[in-house]
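Enquirer: Could you look at this predicted model? Sequence included:
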Amino acid sequence: MLSIQNLTHTYPNGVQALKNVTLDIPKGMFGLLGPNGAGKSSLMRTIATLQQPTSGSITFDDIDVLTDPDRIRRTLGYLPQDFGVYPRGSAYELLDHLAILKGITNHKERKEVVEGLLVQTNLFEARKKKLSTYSGGMRQRFGIAQALIGGPRLIIVDEPTAGLDPEERNRFHNLLAEIGEEVVVILSTHIVDDVADLCPNMAILAAGQIIKKGTPTELVDQIKGQVWKKVIERDQLDTYKENHNVISSHLTMGQTVIFVNADANPGDGFEASEPTLEDVYFSAIADSRNGNGAADAA
Amino acid sequence: MMLQIAAQELRYMLKSPQTVVSFAIFFLLTFFAMISPNVQIGGGGNVDVNSPFAITMTLLTLNVFAVFVIPAFMANAILKDFDSKFDGILFSTPVSKPDYLFGRFIGAFAAMSLALAGAPLGMLVGTFWPTVDPETLSPTNLAHYLYVYGALVIPASMIISAIMYAIAIKTRSLMYTYIAAMGLLILYIVTLNLLQGPEYRELNALLDPFAFSTFTEMTRYWTAVERNTTLLPYEGYLLTNRLIWLGVTAALGALSYVMFSFRAAAKLPKEKKAKKSKAEASIETINVGVKGTPIWGNGTTFSQFWLRTKFEVASVFKSLPFLIIVGFSLFLTITALLQRNVGYGLDAYPVTRLMIDAIRGGFGLALVVLLIFYSADIIWRERVAKFNEIIDALPTPNWVYVVSKLTALGLVLLSVLVLGIVTSITIQLLSGYDTLEVSLYLHRGLAHTLLPFLLVAVLSAFVQVLSNNRFVGMMIMVLYLISTLVLQALGFEHPLYRFASDIDTPMSDMNGSGRFIEGDYWLIVYWGFVSGLLLMLSYMLWSRGTLQPLKFRLRNLRAFAQPLSGAAAAVLLMGAIGSGGFIYYNTNVLNEYVTVDDLEELQVAYEEKYRQYADLPMPRTTDIKVDVDIFPYRRRIEVRSNQVLENKTDEAISTVHLVFPPQAEVVEVTLEGATRGTFDERFNYHIFDLETPMQPGETRALDYETLIQQQGFSHERNSVTLVRNGTFVNNSEFAPYIGFWPGGMMADRNTRREYGLEPLPRTPKLEDASQYGNNYIRQDSDFVTFETTVSTIEGQTVVAPGYLERDWVENGRHYFEYSMDAPILNFYSYLSAEYQVIREEWNDLLIEVFHHAPHTYNTGRMIQAVKDSISYFNTAFSPYQHKQLRILEFPAYRTFAQTFPNTVPYSEGIGFIANVSGAGAIDMPYYVTAHEVAHQWWAHQVMAANTQGGTMLVETLAQYGALLVMERQYGKDQIRKFLKFELDRYLVGRATDPEGELPLYRVENQQYIHYRKGSVIMYALKDYLGEEVVNRALRRLINLRAFQGKPYAISTDFIAFLKEEAPEQTGLIEDFFEKITLFNVTAAGSRVEQLADGTYKVTIDAEVAKVYADAEGNETEANFDIPVDIGVFTKSPEDEDFGADHVLYLEKHTISEDGSIELIVDKEPTHVGVDPYNKLIDRNSNDNLRSIDSIELIASAGATTGR
C-alpha cells in the first residue's frame, strides 16, 4: 500500500531528521514508535505532503506522494501532533467547512457525514460550542473527526494521545480501533502501550533511522530469554550501567528495578523477565544509542 | 538586575533581523536622500544640504517614519514571552516587576535607538559621496548630528516608544500595537491638516510629540544664514513642548507599571449560550459511518473558492482591527472631504471631482500601509491559528487559498471605498450640493482607485509567500512603498518597470477624465497581466505545512507543465508582452521617451550650441494674422500665420533665426527674400540667410504653418492644453521666437552647477539700459497689430483676444473671426469649449463670463468685480482701452488666472468653485478678478522693461488695484485679514528663496516679493502717503509710458514720481522699495487709569526696531524713524465681529526714546496696539496687540456718581 523508499531529509540548519528511511506499510493500523526528536513528525509530515524531503520517494498505491500531492490529499486524513483552531466557529461549522474543502459538496450528504462523525466522536452534544473552549480530549476527538471526513484510505495520526488522561486515552483508542482494517492508519507515538494495544504492525524510529520493524509479537519473540531484571538501590544504578547493558530502569514502590539485555543470565541476583514490547523498545533504543541500531534494521 | 535585563534584551534585539533591517532602511533612506539631486529635505537654495536646518528637518521627518518600526521593538520586548508561552516560567522567577518591565523597555529602546542612528549616519556618509555638489555643503560638523539625534530624535522616539509599550502591555498583541501606531500616525497627520491655519500654529508647536511643528514654527521665518548655522535651541516652544511630553511619558510609564501583572490570566473567550433551534437533529436518528462521496471537479473547486472567500471576508469583517482601521480611514477621509482649501481660508464647493480626490488622498498612503499589514495578516491566518497543518493537508488546490485570500482583501478594500463614497455623498447632501455624479464616483472613486490597490495586494501576497517571514515580507513592502516615492526622482521613470505605475490622470469638471485615463488603464491592464503571473507563482510556491526554503518549493513550479496552468501562464505572459508592447509603442514610438535628465541634457546642448547667437540683431514682429484650426477630439491644432517682421535696429540684418517651440511640428516656414540655411530638428532651430540684408526700417513677410498634437499617450507630461472640452493654448506653444530663445536654457542654478554651467541671471540688472527697449514677456516684439480666424468643432465656442467680427459654420466646423482695434502685446490665446455665457452690458462696456454650465456659483461676483474695478481704475488710473472684457473658464489642470488683451482665462480650480460664505470670508473670486482686470492697465497699458523690478510694475501694481477695489467693497477689516496671509507668505518665501532676496524695486520675478510683499508695501504706502498721492504718481507713469515700447517702464520711473509727489516721505519710500526693511514693533505694556472726569488715561509701552537685511538675511540695525499707528480698542481687532465702533483711538505717532505713549480716551478700553493692523512688515506680527495689563479705577469714581 504505502511504500517509503530511501527517504532522507536534512533541515537547512544541518540537522538530519530522516536518514534513508525505507518502510512498507500494509493495510491496518501501523505503529511508529520512537522517542521525542526521533524524526517521527518529520516523517508524518512528509507523508502528509506538508514537507518536501531532501531525497527519496513515497508512493501510495499508484500515487507518487511527492510529485502529485493533490491526489494523495484526496484520500488522506491527517491529525497533526499539535494544532490550534480558528478563534471563531463551532465544531459543527468547522467540520462542515472542512467537508467542503474535502470535496463533499452535496449539502444533504455533508450534513449526514458531519453529524455522523460528531456522534461517532461523542461530540454531538457539544457541536455548537466554540472550538476554542474545548478541552484537550475533546479537541483531539474533533481532530480525528476531521481526519475521517470523506472516508480517507490513508490516515495519519501524529502523537494523538500525548497529554490525555487515561479515560480520554481509552476513548481515543476505541475510536481508532473502529476505523477499520481496510485502510492504512499510521499511528505515531512515543507511548509503547498505544502500539501494543492497537497495532498489528510497527516500526521503531530513532535518530532518523528505522531500527526495528515487524509485528509486535515477532519483535517480542526476538528478545525472549534475553531480558533480566533486578531490584537495586538507587545509588547503585551507575555501577550497574557500567557493567551491564541496562536497557531501562523503573521505580516500583520506591525501589529501583533495572532491566538488562544479555544472552545468558548475568548472575549477581538477576532473574529472568518475560519480555514485553516495552523491553523491545528500550533495548532497541539502547542499541541505537550504542551505535549498532542501523545494523539491526538492515 | 534591571540593567542586566536591559543588556540581555539589547543583545537579543541586536541579533534579531528587525534591528539590522531597520538600521539599513534608515541609513539608506537618508543616504539616498542626500546623494540624489532630486530629493531635498530641508536643504536647497542657499540652505546647505547638511546645514543644521536640513539635518533637523531630515531626521525629524524620518522620526515620523519610525512609527512603523517602533511597535516591532516595543511589542516584541514584552510579547515574546507570551507568544512563546515562556511567561509561565519567566514570571515565576524572582525577577521583580520594575526590573523586568523597565529593563526590557530600556533594552529594546536602546536597540531601537541604535537602529535610528542609521539616519544621521546615512546622511553623514552621503555628504562624502562624490556626486554631491560641494557648493551645497557646509563644513562637516559632527556636533550638529549629535545634537539633533540626541536632543530631538531620541526624546521624540522615547515618547512614541512609551506609548507603544503601554499599548503592547495592555493589548498583548502585536497587531493591535501596530494598529495603534497607525492610528497615532493618522491622528497626527489629520490633526496637522485640520489645524493648519496660522491661528493653530502655537498649539501645534506646543503639542506635537515629534516636535516637528515646533521646529517648523520656531524656524518659520529663519533666513538662509540662520538655517545654515543655528541649531534649534531648547527654549520657548520646544522647551515647553518637551516638558509636556516628558510628563506624558512618565505618566505612561507609571500606567504601564500599574497595568502589568505577572499573574494576569489568559483571557478565555466568552461563550454564548447555544440557541435552541426547532429542527434539532436527534442523536438517535443519526446514521454513523456515512463516509460521503467526494466529488472532484470545477464545481467543487468553485464551491471551495467561494467558501474560503466568504470565510476570509467574514473573518476580516468580524475582527476588531478591521473596525479600527475603518474607523481611522473614515476619520481621515471625512477630514480630507471637509478640507477643500483654495487659498485665503476659503473652501471649494464639494464638487464630486474634489471629493474623489479627497477620498483618494485620504485613503492613499494609509490604505497601502494597511494593505501591507492586512495582507500579511490574512496570508498568515492559518499559521497564526496553528490550524495550517490540517488545512494544508486537505485536497484543496493552492490557488483556492491564495486567490480567495486576495479576493477577500479586495472585497475589504472595496467596502472601505464604498463607505468613503457614501460618506462623501452624505457630506455633499448635507452641504446642500445635490448634483450627484454617481457614475463618476463608481468610475474614478471606486474602479480606478481600487484596481492599483489590488495590484499592490497581489505583490504583497507574492512577497509574503516568497519571503516566508511576516516581518521580512512587510519590510520588503515598505521598501517597495519607498521605491514608488523615489524611483522617478532617481531617474527611473519608465512605467513598464515600476510595479503598479500610473500615468497622471487629472480630473476636471469641464473635461472629465479626458483621454489621460486611457494610458493609465493600459498600465493597469499590463500590470494586471504581470500580477496574474505573480499570483500563479504565489500559489505554486505557497508553503503548505512546514515553512521550507525556496529551493524546495521551486520544485512546485513544475505545475506550469500542466496544460491548464501552462496555457494560463502563456496567456498572461502574452498579455503582458502585448499590452507592454502597446504601452512602449505609445511612450517610446508615438511619443518620445524623455526623462527629466534627458530634458536637462537637451537644455544644456541647446545653450552650448546656440547661446552664441543671443546678441545678434534681429527684426521684430509688428503684425500678426493667424488662422488656427482646433480639433479638440483629435487633440490637434493646426496653425497658419502671416507675420510681418520689421528691422527696428539701426544696422542691416543678414541672418534671421527662428526658434519654434519644442512640441510644435513645423510644416512649412518661409521668410521673404531668404533661404533657409540650417534647420536643426532637435531644437526646432531655423537659420535663414537673407539674399539682400534687411535695412533698418525694412519689413519682410514671415509665413509659417505649424501643428501641435498629442498622439496616444506619453509616460509623463501629457498635454493639458489639447483636450476635448477646454482647450487653452497660447502663442508660445505654436509660434516662433525670433532670434535665440532664452527660455530654452536651463534656469535652475543648482542644476546648472551639476552640468558645470555658470548661473544664469534671472533678470538683467535694473541699470542695464540695453534692455529698456525690451519687454519682459518676450523680447522679439513690441506692441503688434493682431487679427485671427479660428475654427473648432460645432457645439464649441472659441475665444481669442479682439472683437468678434463674424462667425459662421462650414463643413461641420464653427469659424470665428476676431480682430483687435489697437496694437497689443504679442501675447494671445485661444480657448475652445462648450461654453455657457453670461452677458451684461454696462456703461458701453460688454462684460461676459464664458463658463462651464454648472459653474454659476461666483459668476455674479466676477461681473461685479469687473464693474467695480473698471469704474475705479477709469478714474484712479486712466480710461480702459477696450470696449469689452471676457472671463473664460478653463480646466483645473492648471490653476491660475491670466490676462490677455480684453480676455481673462480663469481656471475652474480657483474662483469658479470657491465657496465664499461665512462671515468675514475673503471673496477670492472677486479679488482674483480685480487683480486680473488691473492687468489691463498694469501690463497691457504700461508694460515693464526686461530688467529687475519689471514684475513690480505689473504684479505689485495689479495687487494694489485689487486691494483698493476690495477695500471699497468689503472694508478695512477684510483687507487686514487678507494682508496677514500675504505677510506670512512673504516671510516664508524670503526664508526659502534659493537665490536670495532682493528689494522690491529689483524683484526678479520672485512671486513672494512682487505679489506678497507688494501687497503689504502698497497698502502701507497708501496709508502713509494717502491714496490720491499714490494714484497721482501712477497716472504720471501711465502718461509717460502707456502703450509704448521704446523705452518700456522701469521700477525707478514709478519711484521717482512717488518721491516727487511726497518728497517728505523719501526715507519711507526708500525703506519700502529700495531696501529690504524689517520692522519689529511690540506692544510691550499697557496701563489704564480712570480719571476724575470719567475719561481714561491709557499708557502704552511701545518697543520699536527697524533692520535692513541683505540677500542672505544678514541684518543691520537701523534707526526707527517713521511714525507708527497707535490704537486703543474696546475689542480685539483679531475678533470676528470687530468693527469700526470698537476703535477708540487710531493715529500715527512718532515713538520717543523711552517708547511710552499717553492718551486719553472716553470709554474703558480692552486692547491697545502698536501698528495694530499689521501694516508694517514685522517678523513677529502677533505681539502688536495687547490686552490691558492693569486697570486702576479711581475708588471715588463710584462715590462721585453716587453723590
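Expert: Everything's here; your move.
Enquirer: residues contacting the residue of the stretch 151-298 of chain A found nearest chain B?
Expert: Minimum separation of the stretch 151-298 of chain A from chain B (CB to the nearest CB) falls at A:G151, amounting to 3.1 Å. Any C-beta I mention is one placed from the backbone N, CA and C, and that applies to glycine too. By CB atoms under 8 Å, 6 or more residues apart in numbering or on different chains, the contact list for A:G151 reads B:K291, B:G292.
Enquirer: Show me what the helix or strand hosting A:I247 is in contact with.
Expert: Using DSSP states H and E, A:I247 maps to strand A:246-252. Strand A:246-252 is contacted from outside by A:227, A:231, A:237, A:240, A:256-261, A:278-279, A:282-283, A:285-286, using CB under 8 Å, 6+ apart.
Enquirer: are any of the residues you listed buried, and which?
Expert: A:227, A:240, A:256, A:258-261, A:278-279, A:282-283, A:285-286 (16 or more other CB atoms under 10 Å in any protein chain shown).
Enquirer: Confirm that the residue of the stretch 151-298 of chain A closest to chain B sits in a helix.
Expert: No. A:G151: not assigned to a helix; according to DSSP: H, G, I helix; E, B strand; the rest coil it is coil.
Enquirer: just to revisit the earlier point, can you tell me which of the contacts of strand A:246-252 are in helices?
Expert: Judged by DSSP state H, these include A:L237, A:Y240, A:E278, A:D279, A:F282, A:S283, A:I285, A:A286 as members of helices.
Enquirer: Could you give me the buried positions within stretch A:119-139?
Expert: Within stretch A:119-139, the residues that count as buried by 16+ other CB under 10 Å are A:119-121, A:123-124, A:126-127, A:129-132, A:134, A:137-139.
Enquirer: Can you flag which of those belong to helices?
Expert: A:V119, A:Q120, A:G137, A:M138, A:R139.
Enquirer: Could you measure from the first one over to B:A461?
Expert: Think A:V119. According to CB to CB, to the nearest Å, A:V119 and B:A461 sit 40 Å apart.
Enquirer: Likewise for the second one?
Expert: The span separating A:Q120 from B:A461 equals 38 Å under the rule CB to CB.
Enquirer: Kindly report the same for A:A162.
Expert: In terms of CB to CB, A:A162 sits 35 Å off from B:A461.
Enquirer: and if you look at A:L219?
Expert: Per CB to CB, A:L219 is found 50 Å from B:A461.
Enquirer: higher neighbour count, those two?
Expert: It is B:A461, of A:L219 and B:A461, that has more neighbours when counted by other CB atoms under 10 Å in any protein chain shown, with 26 against 21.
Enquirer: which residues touch that one?
Expert: Per CB under 8 Å, 6+ apart, neighbours of B:A461: B:S375, B:I379, B:V402, B:K405, B:L406, B:L535, B:S538.
Enquirer: from the residues you listed, which ones fall inside helices?
Expert: Checking the contacts of B:A461 against DSSP H, those in helices are B:S375, B:I379, B:V402, B:K405, B:L406, B:L535, B:S538.
Enquirer: closest point of chain B to chain A, which residue?
Expert: B:G545 (2.2 Å).
Enquirer: I figured that residue was touching A:T49, is that so?
Expert: Yes. Using CB atoms under 8 Å, B:G545 is in contact with A:T49, at 7.1 Å.
Enquirer: what sits in contact with each of these two?
Expert: Counting by CB under 8 Å, 6+ apart, the shared contacts of B:G545 and A:T49 are B:D392, B:A393.
Enquirer: neighbour-wise, which of the two wins?
Expert: The residue with more neighbours, out of B:G545 and A:T49, is A:T49; 24 against 20, by other CB under 10 Å.
Enquirer: pLDDT score assigned to the more buried one?
Expert: pLDDT for A:T49: 90.
Enquirer: For the stretch 51-200 of chain B, just list every one of the helices.
Expert: B:52-65, B:70-83, B:87-91, B:97-116, B:118-127, B:142-147, B:154-171, B:174-194 (DSSP state H, counting those that start in this stretch).
Enquirer: what bits of the stretch 101-250 of chain A have low per-residue confidence?
Expert: A:180 (pLDDT under 70).
Enquirer: Tell me the secondary structure at B:A747.
Expert: On the basis of three-state DSSP, B:A747 is classed as coil.
Enquirer: just to revisit the earlier point, save the buried ones among the contacts of strand A:246-252 as TSV, and put in distance to chain B too.
Expert: Formatted as TSV, those follow (distance: CB to the nearest CB, whole Å):
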residue	distance to chain B
A:V227	38
A:Y240	35
A:T256	30
A:I258	33
A:F259	34
A:V260	37
A:N261	37
A:E278	30
A:D279	34
A:F282	30
A:S283	32
A:I285	26
A:A286	31
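Enquirer: ok, back up a step: and the buried residues of stretch A:119-139 near chain B, which?
Expert: Counting by CB under 8 Å from any CB of the partner chain, A:V119, A:Q120, A:F124, A:K129, A:K130, A:S132 from the buried residues of stretch A:119-139 sit close to chain B.
Enquirer: ok, the second one to B:P395 distance?
Expert: This means A:Q120. Taking CB to CB, one finds A:Q120 at 21 Å from B:P395.
Enquirer: Would you mind giving the secondary structure of the residue of chain B closest to chain A?
Expert: The local conformation at B:G545, judged by three-state DSSP, is coil.
Enquirer: And B:A1111, how far from B:I1017?
Expert: In terms of CB to CB, B:A1111 sits 18 Å off from B:I1017.
Enquirer: With B:N586 instead?
Expert: 50 Å.
Enquirer: Equivalent analysis for A:Y86, please.
Expert: 71 Å.
Enquirer: Between the two, which has more neighbouring residues?
Expert: B:I1017 (26 against 20).
Enquirer: Could you find the closest non-adjacent residue to that one?
Expert: In space, and not counting its chain neighbours, B:I1017 is closest to B:F1072: 4.9 Å by CB to CB, 6 or more residues apart in numbering or on different chains.
Enquirer: For my notes, confirm that neighbour occurs in a helix.
Expert: Yes. Judged by three-state DSSP, B:F1072 forms part of a helix.
Enquirer: which element is whichever residue of chain A sits closest to chain B on?
Expert: Going by CB to the nearest CB, chain B is nearest to A:L50 of chain A, at 2.2 Å. Assessed by DSSP H and E, A:L50 sits outside every helix and strand.
Enquirer: Identify the residues contacting the nearest residue to it once chain neighbours are set aside.
Expert: Excluding its sequence neighbours, the residue lying closest to A:L50 (CB to CB, 6+ apart) is B:G545, at 2.2 Å. Counting by CB under 8 Å, 6+ apart, B:G545 makes contact with A:R45, A:A48, A:T49, A:L50, A:Q51, B:N388, B:E389, B:D392, B:A393.
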